[in-house]
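**Student:** model this:
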Amino acid sequence: MPSQPATTDSLLLWTDGAGEIAGLVGARAAWWMPMDRRTRSGTRTAPSNRMTDRGTGDTTADTRLRRPIIGALLLGIGLGGFFDGIVLHQLLQWHHLIDHAGVPPDSVENLRLNILADGIFHAATYAFTVAGVLVLWSATRRRTGPWPWTVLAGGLLAGWGGFNLVEGIINHHLLGLHHVRPGEHQLLYDLGFLAWGAAMLVIGVLLLRSAVRR
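**Tutor:** Modelled structure (predicted):
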């Protein structure tokens, strides 16, 4: 029969090991627990200034900000399209989407075709806007901390500026579907539209880079 001291020592070693394992499991469970449940249960965790993705545990800046950046870019594209359609098409009435593509709005039938094309354009910008909102909403449910303000501002500016450049180069210059303001100085308006988009894109990219480097 084993001696009493040996049995006691084995029991103490087993108890200490089980306690360490339980402590590790408890710490891991507390880390994955939502913040509000940690507060209610009284669980205390070590402070951290880095946000962790609940799905992957990845804390690298480019990974943790990828989803909100994509959402902000999509939202910027949608808002840029809405500005173009609402302000330039409707309020100022400078152009329609296809009024220089052999469909001048000089008759009721042609005007109906231009309005239809504008409506399709607005539907596309609406889709981008909804997609951006949904991606941002999804990102808020997967993160444990706030994002830098430069994520939203930079994404909006970069998306809007990118829209201006793509829309301006393709529709104004390559396809010639329309011009910003047809007339004697239409080239200046078209180039100004591109310069405005390029400036927003550059500023947006710089803000996003500063957000990722934090």
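
**Student:** Alpha carbons only: can I get stretch 93-112 in PDB?
**Tutor:** This file holds the C-alpha atoms of stretch 93-112, laid out as PDB (Å, rounded to 0.1, in the frame of the first residue of the first chain):
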ATOM      1  CA  GLN A  93     -30.600  69.800 -65.300                       C
ATOM      2  CA  TRP A  94     -27.300  70.000 -67.000                       C
ATOM      3  CA  HIS A  95     -27.500  66.600 -68.600                       C
ATOM      4  CA  HIS A  96     -29.200  63.200 -68.700                       C
ATOM      5  CA  LEU A  97     -27.300  59.900 -68.800                       C
ATOM      6  CA  ILE A  98     -27.600  59.300 -72.600                       C
ATOM      7  CA  ASP A  99     -28.500  62.700 -74.000                       C
ATOM      8  CA  HIS A 100     -25.300  62.700 -76.200                       C
ATOM      9  CA  ALA A 101     -25.700  59.100 -77.400                       C
ATOM     10  CA  GLY A 102     -28.000  59.800 -80.200                       C
ATOM     11  CA  VAL A 103     -31.000  60.400 -77.900                       C
ATOM     12  CA  PRO A 104     -31.300  64.200 -77.400                       C
ATOM     13  CA  PRO A 105     -34.200  65.100 -75.100                       C
ATOM     14  CA  ASP A 106     -36.000  67.100 -77.800                       C
ATOM     15  CA  SER A 107     -39.100  65.000 -78.000                       C
ATOM     16  CA  VAL A 108     -41.400  63.300 -75.600                       C
ATOM     17  CA  GLU A 109     -40.200  59.800 -76.600                       C
ATOM     18  CA  ASN A 110     -36.600  60.700 -76.300                       C
ATOM     19  CA  LEU A 111     -37.200  62.400 -73.000                       C
ATOM     20  CA  ARG A 112     -38.900  59.200 -71.700                       C
END
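
**Student:** what comes up buried for that stretch?
**Tutor:** Burial within stretch 93-112, assessed by neighbour count using 16 or more other C-beta atoms under 10 Å, is assigned to Trp94, His95, His96, Leu97, Ile98, Asp99, His100, Ala101, Val103, Pro105, Asn110. No exception for glycine: its C-beta is placed from N, CA and C like everyone else's.

**Student:** Out of those residues, the closest to Arg67 would be?
**Tutor:** Leu97 (31.7 Å; C-beta to C-beta).

**Student:** In space, what's closest to that closest one - neighbours in sequence excluded?
**Tutor:** In this structure, Leu97 finds its nearest non-sequential neighbour in Ala117, 4.2 Å apart by C-beta to C-beta, 6 or more residues apart in numbering.

**Student:** What strand or helix carries that neighbour?
**Tutor:** helix 108-142 (DSSP states H and E).

**Student:** on that earlier part again, identify the farthest-apart pair in the buried residues of stretch 93-112.
**Tutor:** Trp94 and Asn110 (16.9 Å).

**Student:** quick one on the thing from earlier: quick check: next helix or strand after the helix holding Ala117?
**Tutor:** helix 149-167.
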